[in-house]
Structure formats: C-alpha cells, structure tokens
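Chemist: Requesting a structural model of the entry that follows:
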Amino acid sequence: MTNEPRAELKDIDPNVLLDMAAAVGVDLTGDHATTLAPQAEQHFAQLRYLESIADPSTEPAVELRLDRWTRSGSA
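Modeler: This is a model prediction of the structure:
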C-alpha cells in the first residue's frame, strides 16, 4: 500500500465533451457524449493528479499540438 493520493473523480458533464469535440472539429452526438462521460472522468482525474504532483520548475514531458492533428482518412 502506498501513501500517494488517489486520483479524484469528478462528474464530467456530457456537454463539456460536446464542446471539446466541436472545438477540434469532431462530430459527437449527445448519446455518445453521455456514454463517454464516465470514461472521460477517469482520464481527467489522472490529469488532475499529475498536475498536483508536477514540478512547476520543469518543462512538460509532452506537448499536444492540435495544429498537427488530422482526421483519420484525410491526407
């Protein structure tokens, strides 16, 4: 058993997922957003945990570049 805190789960509203999908040009229905919300909660909890232990004096290990993102099947 470790003394590390567990990732805290918070309710993710499906509308947040719809807004995020729309921001990057992904079509997502309300039903799909509702289905994906519990999975997204786990991922966001992990990100919150990582943010809580991150050393602010270092650079991030990964950089997300949306300008390089393309839809599957597009050239």
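
Chemist: Could you list the buried residues of the host helix or strand of T35?
Modeler: Assigned by DSSP states H and E, T35 belongs to helix 30-53. Within helix 30-53, the residues scored as buried using 16 or more other CB atoms under 10 Å are A33, L36, A37, A40, E41, F44, A45. For every residue, glycine as well, the C-beta is placed using N, CA and C.

Chemist: if I pick the first one, what's in contact with it?
Modeler: Contacts for A33 were tallied using CB atoms under 8 Å, 6 or more residues apart in numbering; they are P14, N15, L17, L18, A21.

Chemist: Same question for the third one.
Modeler: Residues in contact with A37, defined by CB under 8 Å, 6+ apart, are D11, I12, D13, P14, L17.

Chemist: returning to what we had before: ok, of the contacts of A33, which one's closest to I53?
Modeler: L17 (25.5 Å; CB to CB).

Chemist: Am I right that that closest one is in contact with A40?
Modeler: Yes: contact status for L17 versus A40: in contact at 5.9 Å, counting by CB atoms under 8 Å.

Chemist: Can you add distance to S52 and pLDDT and give the contacts of A37 back as TSV?
Modeler: Shown next, in TSV, are those (distance: CB to CB, whole Å; pLDDT from 0 to 100):
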residue	distance to S52	pLDDT
D11	19	81
I12	18	85
D13	22	90
P14	25	93
L17	23	92
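
Chemist: Quickly note the distance from Q42 to D67.
Modeler: Note on Q42: its distance to D67, by CB to CB, to the nearest Å, is 27 Å.
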